[in-house]
Structures are given as structure tokens and as C-alpha cells.
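Structure of the sequence below:
(one chain, ligands or ions: 1)
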Amino acid sequence: MSKQFLSFSMEDRGPSLWREAKGIIPGGGMLLSKRSEMFLPDLWPAYYSAAKGISVTDIDGRIFKDFYMMGVGTNSLGYSRKEVDRAVIRQVRRGNMSSLNNPGEPELAAKLISMHPWAEMARFTRTGGEAMAVAVRIARAATGRDHVAVCGYHGWHDWYLSLNLENPDGLNTLLLPGLEPLGVPSQLRSTNHAFTYGDIKSFQALIDQHELAAVVMEVARGAAPDVEFLGQVRELCSRKGIVLIFDECSTGFRESFGGLHMNTGVEPDMLMLGKALGNGYAVNAVLGTTAVMDSAQRTFISSTFWTEGIGTAAAIKTLEIMSSTRSWEMISQIGMQVKQIWLQVAAQTGVPISVGGLDALATFRFKDERHNVLKTFLTQEMLKRGYLAGTSFYPSTAHSPARIARYADSLVEVFGAIAASWGDTEFEKKLSGPQAHQTFKRLTN
Ligand SMILES: Cc1ncc(COP(=O)(O)O)c(C=O)c1O
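Residues are numbered from 1 along each chain as shown. Have a look, this model is predicted:
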């Protein structure tokens, strides 16, 4: 019996709605990483009607298994995790908002502080970008200094994007090339400086050159943390009275319970946790020492919807499940298994790839200059087989061994098709539409 593949057309409801949306919402949606153009420009299903476990139903009624981004890292316990949803529904029934404060705030603060012996206070926001703006504001208030140095992606706010005022390519090395700082006041020029992970000499030069309020960094992203470098950064920050902020928005609950830095022995002055913290509900946290966090009282940091109850209710329940199931070990194990599958399938079919990233934030690259075309082809062909898939994978505890085995079978077929046409000089003709966009610049066209 021949296999039934899902079929796709530009006239499907998803792609049609996406085209319409682009006329009334700049960029089409709110998050760069969810734009159709990033995956399969004309055919990506674009919108969901339901999500449960690792199943995503699109608005055309097709069901896909998510072996890609799982909400861009938000759902490490799977979509619509029953216990978390119940905690949220209880909160909704009790009332999500009132003129009085939400007692979930001190409860969540105490919980997070108890996980981090150095931390004494916490604030909450709803998004990661907000949380980083809060952290940087507090650090500037605490030190009375303006300059900051960054190494990582830290959101969309003025303080961060101002880096590109001086050097339009400043952020290129920090994940996102082609970001225009349009709309960021030119007066912020030279207040934010990039440094290269692992390069202690250039870091030293940077902190000698500027009076820094804060060093803001991801502890690691593409590989294991460089413990020696982190220790040196810690020491230099302490010596110069610079607030060291670890941004563990994406990494906080993937390899450990509360942040990659916990296995390094290096402690920051402030820490940001987000993404998986609420398993799909909006909540981010900024933790810090009292000495630094008290400055939040000397400046103005305040927002109405930071007080609603869903985010904290979701985070409290999510932390409970993560802790009792040791979810970070489960997702690391699953990620490691999928990395091995990638390597096996590549070896079996003779398609050269290299594998990278933390196990729980796994990635691979085709070792070929046509990487992006091949990635787009993979996404297109896996979609037909009922998978959201690409060259990265955010594992969740809902990825079962049986599902992973079926994903591997489909991957063998698609890699086989790539291998069969490897010598084809016009591989892009196998795409049913344009290849995925790679940079921010092209998305704005
Ligand atoms: C390390 C890091 N910091 C900050 C952010 C910004 O978070 P948000 O998209 O919730 O504003 C992200 C988002 O990807 C992130 O990975």
C-alpha cells in the first residue's frame, strides 16, 4: 500500500491567513522565530487550532508532531500539560486579577530564591525582553553607571539594540544578523558593547575601557559552559563593582533545575529565568542579591499585568512537576537520543552533517554550502509526513520513545531523498516554494 502524505497548497487556510495577517500586522506576527518565512515561506501551516503533548493541529485540521521548537522552548513538559492547565484554570476560577495583590508572587519568589543560595529577592515580568530591561535598569540604578556589555540575545528593547547604533554589525555575532536599530535614540550610541564568549583578553580590554554597570550574558548556548571563562568574568566583575547578570531565559530548565551556571560553581549577582518556567504561560523572573535588587525601589519599575495570577500559578506548578520528575534529565536524555539518530541517519544515507548544541537544545547542520536549501527541503518533506521539523530540536518530556522511533523512520526517508539527489546542481528545484529566510533583513522585505 502506498504511503499517504499530507498535501499543502498556498490556498490552504493557514498560508492564506498568514498573507492576510501581513497586511494588518507588521511582520505578520509577534515573534520573529514563528514567521512562516523562517521555515517554508509559502506553505508553512502558520496557525494552530489546538496543541496537546507534542501534537499541533493546524487551522486546516492537519495534525503534526512537533520535533522542532515546542513553542520556541516554552513547553519542556509538553503542550497543555494537564496539571499546569488545572492550576491555571483554578486561578481563573478564583479570579485572575483584583485590586489586591496576587499571593502567588511571594510564593514563587520564595521558591526560586530557595533554589539559588546567593539570591535574596525576585521580580516578575511576563516576557524575557521585559525581564532583561528590568535587570539592566536595576543594575544601572545600583551602580550609577550607564554602560553595559553583552554576550548573547537579550530581547528587543532599546538598551540592547542600541549596540548596533555604533556598528551596524555589532549584534551579528550574537545570534541575529541584520538588525536595524531604527527607532532607537541615537543618544544611546556607545552605551552597549558586545564581547566574545571565551575571549578573556578582549573582555578585559572592554571593562578597562568603559565604566560598566552590568555584564549581561548567556552562560552558554551552542556548547557546554566555559567554566574558566565564567570564573574570570566573575572575578573581574567583582573587582570592578560590575553587576554580573546571567540570562538563562532559554537555558534555565533544560540541563539543570534553575540554570546551566549551577553546574559551574560560578554565581551571578542577578539571574533571569523564563521560557520553560511557566510551561507555555507567560512568566519570567529576575533574581538578585538584596544589595542590587533594592535599587528597584530607587527607580521606577512597575506594570499592571505583571500582577495577574496565571503566570505565577503556572510557574509554581511547573516547578513542582519539573522537580518531582527531574524533567531536565529526561529532556537531556531525549535530546541526546535524537542527536544520535541524526548522526546514524546521516551515516546510513551518506549525507554529511555536524551536530551541536546542548542535548536539550539540539541542532545540526548539513556540511554543504546548500545547507539552507537542504534544511528547507527537510522541513517540506517532514511536513508531508506529519512533522514540524528542521535542523534544531527542543525536546520535551512528552516525546515518547515510540514517537521518536517513527520520527527516525521518516527522517531516513527524507535523508534518503536528499542523498539520491546529492549531485543535483539544481537541488532548489525540489522545493515547492522559496527557501527559508535566514536573516532578519530579508524578513522585512
Ligand atoms: C537568552 C534570551 N534572553 C531573552 C530573550 C527574550 O525573551 P522574550 O522573547 O520572551 O522577550 C530570549 C528569547 O528567545 C532569550 O533566548
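
Could you tell me the model confidence score at residue 34?
We have a pLDDT of 97 for residue 34.

list the contacts for it?
The contact partners of residue 34, by Cβ atoms under 8 Å, 6 or more residues apart in numbering, come to residue 72. Every residue, glycine included, has its C-beta placed from N, CA and C.

gap between it and residue 135?
From residue 34 over to residue 135 the distance is 25 Å, taken as Cβ to Cβ, to the nearest Å.

After the helix or strand residue 23 falls within, which helix or strand is next?
Residue 23 is part of helix 13-24 when elements are defined by DSSP states H and E. Counting by DSSP H and E, the next helix or strand C-terminal to helix 13-24 is strand 48-52.

can you tell me the average pLDDT over that following strand?
On average, strand 48-52 scores 98.

go on, stretch 406-422?
98.

May I see the buried residues of it?
By neighbour count on 16 or more other Cβ atoms under 10 Å, the buried set for stretch 406-422 is 407, 408, 410, 411, 413, 414, 415, 417, 418.

One more: stretch 269-282?
Buried residues in stretch 269-282, counting neighbours by 16+ other Cβ under 10 Å, are found at 269-282.

Now for those residues: which two are most distant?
Among the buried residues of stretch 269-282, the pair separated by the greatest distance (Cβ to Cβ) is 269 and 280, at 29.5 Å.

The ligand contacts on the chain?
Contact residues (Cβ under 6 Å from any ligand atom) of the chain with the ligand: 127-129, 132, 152-155, 218, 247, 249-250, 274.

Kindly reformat the residues you listed as TSV and extend each row with pLDDT.
TSV is the format used below for the residues of the chain next to the ligand (pLDDT from 0 to 100):
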residue	pLDDT
127	98
128	98
129	98
132	98
152	90
153	91
154	95
155	94
218	96
247	98
249	97
250	96
274	98
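
could you pull out the strands for this protein?
48-52, 55-58, 63-67, 121-125, 147-151, 192-194, 212-217, 243-248, 270-273, 284-288, 353-356, 362-366, 387-389, 392-393 (DSSP state E).

Out of those strands, which is closest to residue 296?
Closest to residue 296 of the strands of the chain, according to Cβ to Cβ: strand 121-125, at 6.3 Å.

Using PDB, list the CA coordinates for that closest one.
Taking Å, rounded to 0.1, in the frame of the first residue of the first chain, the C-alpha atoms of strand 121-125 are listed here in PDB:
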ATOM      1  CA  MET A 121      15.000  38.900  46.000                       C
ATOM      2  CA  ALA A 122      12.900  38.400  42.900                       C
ATOM      3  CA  ARG A 123      10.800  40.400  40.500                       C
ATOM      4  CA  PHE A 124       8.500  39.000  37.800                       C
ATOM      5  CA  THR A 125       7.500  40.100  34.300                       C
END
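
Looking at it now, give me its mean pLDDT.
Averaged across strand 121-125, pLDDT comes to 98.
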